[in-house]
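Visitor: Pasted the sequence and its predicted model underneath.
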Amino acid sequence: MSIPKNDAMLVNEVMMSLDQVPVIDKKVILKEALEKMGRSRLGIACIVDESFKLLGILTDGDIRRNLLKIQKPFSAFFVDDAIVHAIISPTTVKPNVSLKDAVVLMGEMQIWDLPVVDDQGHLVGLLHLHPAIQALLGIPQ
Amino acid sequence: MEKTTVEVGYGSVARVKIGDRLPLAFIGGPCAIESRKHAFKMAESINEICRRVNIPWIYKSCYDKDCRSSPDSFHGIGVDDGLRILSDIRDEFSVPVVSDFSEPSWAVATGEVCDLVQIPAYLCRQTSILRAAAQTNRPVHLKKGQFMSPWNMKNSVRKLEADGCNQIILADRGTFMGYSMLVNDMTCFPIMAETGYPVCFDATHSIQMPTSMGNISGGQREFIPYLVRAATACGINSLFMEVHDDPPNALSDANTVLDIQYLENILGQAKIVHETRLELLDKYGEDNVHPEK
């Protein structure tokens, strides 16, 4: 059985809106960022400035690696600014890029989430791998 | 991380700038304002010593000592008289002044006179005190509580910032090790400096042995020079010491205040260690070992 493919779809047709994504201020501490990530069931938080310009991303993987690398007490770790542990220049995608190209990019980078930014670098959404694949395969969500 | 320079001083007094790569500043004076005559005598003596050592300084003395162990201990000269004396010392010596305050309602009056307002260590996380300090619009000298980790001082910093204060100095005055004993963790200076604000070492309270004498605190003054050299080498931007011309008869902290006869010796050493550290940074670069952490 063949599944119809939606090669012409764009990122902005599938991306998650900002109210579905953990978006945090640059002064939020790590403990608060982790709580917000935990509530969303996503392994990523996007850190933005006052105008929603994307400053960095924080992922489960970054925290996992830093837990092993930064050997300081949990109470000190938790009170760090989340951005200290963030990736400052993450891979991003524009909203009018084809969904197929975005998924290929995620495969190349071995990542599950792509922040979607406009031409000025403002965060407008997040492309998560599972809904992107489902959309490409034409599987109802 | 952006580093903040704190500028202390308004009106006609000298400006003392405290921050990264700036000269070490001294904050000092008798713990409590004992009398007008004594306060002036101390200001004159310290001013002369700081002139000889060539170190910028801020006169410190408090009008109310609310954390004394005994109800019979000297509690202070009072807000009105104390602030009048501090104001006159400002005028006479053109030196900025600092006093702490332990009651939020005293903040406005304290900020109207003092160039720098100080938050006592025991009250360092009290929201009402922090808010009142921020609302004076003066720089704030925030002592780390003996019960606080250096990293958790960030929460107090954020409270000050929430009320508009972005001129903060963070000071260490020792950390409780069990009962009646303090220790200094020198890593607290780079940790607190991660806030971006300058850091200070309170040497004379660090050698305090809290309430070790039953109803007053003891102290081990002989360790002051060792700790001053260590803290200065660890990157403090200002040094705090309480100084007295007759420690055995000091009305507050008699067991911890530094006899003024040793002040020039210690300030001179601190200044040289500070300048040497800056030279080392120029020669070898910033302390950047294992930056991946």
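Guide: Received, thanks. Numbers count the residues shown, from 1 in each chain, chains lettered A, B, ... in the order given.
Visitor: For chain A, what lies in contact range of chain B?
Guide: Within reach of chain B by Cβ under 8 Å from any Cβ of the partner chain, chain A has these residues: A:Lys27, A:Ile29, A:Lys69, A:Ile70, A:Pro73, A:Ser75, A:Ala76, A:Val79, A:Asp80. Any C-beta I mention is one placed from the backbone N, CA and C, and that applies to glycine too.
Visitor: pLDDT at the third one, what is it?
Guide: Looking back up the chat, that one is A:Lys69. For A:Lys69, the pLDDT comes out at 87.
Visitor: again, but for the first one
Guide: Looking at A:Lys27, its pLDDT stands at 89.
Visitor: Could you identify the buried members of the residues of chain A next to chain B?
Guide: By neighbour count, with 16 or more other Cβ atoms under 10 Å in any protein chain shown, the residues of chain A next to chain B hold A:Ile29, A:Ala76, A:Val79, A:Asp80 as buried.
Visitor: list the contacts for the third one?
Guide: Counting by Cβ atoms under 8 Å, 6 or more residues apart in numbering or on different chains, A:Val79 touches A:Ile29, A:Leu30, A:Lys31, B:Trp151, B:Asn152, B:Lys154, B:Asn155.
Visitor: So what's the residue count around B:Asn249?
Guide: B:Asn249 has 9 neighbouring residues, counting by other Cβ atoms under 10 Å in any protein chain shown.
Visitor: that older thread, now for the buried ones among the residues of chain A next to chain B, which pair is the farthest apart?
Guide: For those, the farthest-apart pair by Cβ to Cβ is A:Ile29 and A:Ala76; their separation is 10.8 Å.
Visitor: Three-state assignment for B:Glu17, please.
Guide: That one is not Glu; residue B:17 is Lys. State at B:Lys17, reduced to three classes by DSSP: H, G, I helix; E, B strand; the rest coil: strand.
Visitor: residue contacts, it?
Guide: Counting by Cβ under 8 Å, 6+ apart, B:Lys17 has contacts B:Thr5, B:Val6, B:Glu7, B:Val8, B:Ala25, B:Pro56.
Visitor: Could you list every helix and strand in contact with the lowest-mean-pLDDT helix or strand in chain A?
Guide: Least confident helix or strand of chain A, by mean pLDDT, DSSP states H and E, is helix A:60-69 with a mean of 90. Secondary-structure packing of helix A:60-69 (3 or more Cβ pairs under 8 Å, 6 or more residues apart in numbering or on different chains; DSSP states H and E): helix A:30-40.
Visitor: For the helix it packs on, give me every contacting residue.
Guide: So helix A:30-40 is contacted by A:20-22, A:24, A:28, A:43-45, A:47, A:58, A:60, A:63, A:77-82, A:84-85 (Cβ under 8 Å, 6+ apart).
Visitor: Nearest spatial neighbour of the residue in chain B positioned nearest to chain A, chain-adjacent residues omitted?
Guide: Nearest to chain A, among the residues of chain B, is B:Trp151, at 4.1 Å (Cβ to the nearest Cβ). Nearest residue to B:Trp151 in three dimensions, chain neighbours excluded: A:Ala76, at 4.1 Å (Cβ to Cβ, 6 or more residues apart in numbering or on different chains).
Visitor: Backbone torsions only: list them for the one you found.
Guide: Backbone geometry at A:Ala76, expressed as degrees, to the nearest 10, gives phi -80, psi -40.
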